[in-house]
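S.K.: fold the following and give me the result.
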Amino acid sequence: YDFLRELQTRVTTLRQALLQTPAAPLSLLRRAEEISLALEELGYQFQRPSIRPSAEENPPAPVTLNSRLQTMIRTHWRSTSSLTQKERTAFEALSREFPPVREKLRSLYEQDIKALEAEAEKYGLPRTPGRL
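M.R.: Below you'll find the predicted structure:
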């Protein structure tokens, strides 16, 4: 989740730099916005922001990856017994759900963000995190 947040910050500052670079074409800004939206969607799979005090008060939504991980941590914290069925279920779900999210995140970073940064470099973009 921290890597995702770092990428969100990186793309946000990249968008700002594109806005401050008169030579940069609008198409680069649009690509940065698309990447930003894709990262935001991935973020919802990790954690769902809410203004309500508890998960029970939120409208029905898919269980997040962080919620499944917390289930495992809370139910087994300071325990020496074997895993409970609830922990096994959470682990099995994480084992299925996390790899595609990880691959999408890797793809966004290695292909989309790096390509956007390389293209933006041609227009004299000011320094942004992750770039010299």
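S.K.: helix or strand with the lowest mean pLDDT in this protein?
M.R.: helix 65-76 (a mean of 83; mean pLDDT, DSSP states H and E).
S.K.: buried residues in that one?
M.R.: Buried residues in helix 65-76, counting neighbours by 16 or more other C-beta atoms under 10 Å, are found at 65, 68, 69, 71, 72, 76. Placement of C-beta: from N, CA and C, glycine included.
S.K.: and the strands in this structure?
M.R.: Along the chain, no segments are classed as strands by DSSP state E.
S.K.: what's near enough to touch residue 35?
M.R.: 11, 108, 112, 113, 116 (C-beta atoms under 8 Å, 6 or more residues apart in numbering).
S.K.: run the last query once more with 10 Å
M.R.: Going by C-beta atoms under 10 Å, 6 or more residues apart in numbering, residue 35 touches 7, 8, 10, 11, 14, 15, 108, 109, 112, 113, 115, 116.
S.K.: residues near the third one, how many?
M.R.: Residues contacting residue 10 under the criterion other C-beta atoms under 10 Å number 19.
S.K.: give me the longest helix you can find in this structure.
M.R.: Ordering each helix of the chain by length in residues (DSSP state H) puts helix 85-107 first.
S.K.: and it, what's its mean pLDDT?
M.R.: The average pLDDT within helix 85-107 is 92.
S.K.: tell me which residues of that helix come out buried.
M.R.: Result for helix 85-107 [16+ other C-beta under 10 Å]: buried residues 87, 90, 97, 105.
S.K.: what's near enough to touch the third one?
M.R.: This means residue 97. 45, 62, 63, 64, 65, 68.
S.K.: the same query, at a cut-off of 7 Å, please.
M.R.: residue 65 (C-beta atoms under 7 Å, 6 or more residues apart in numbering).
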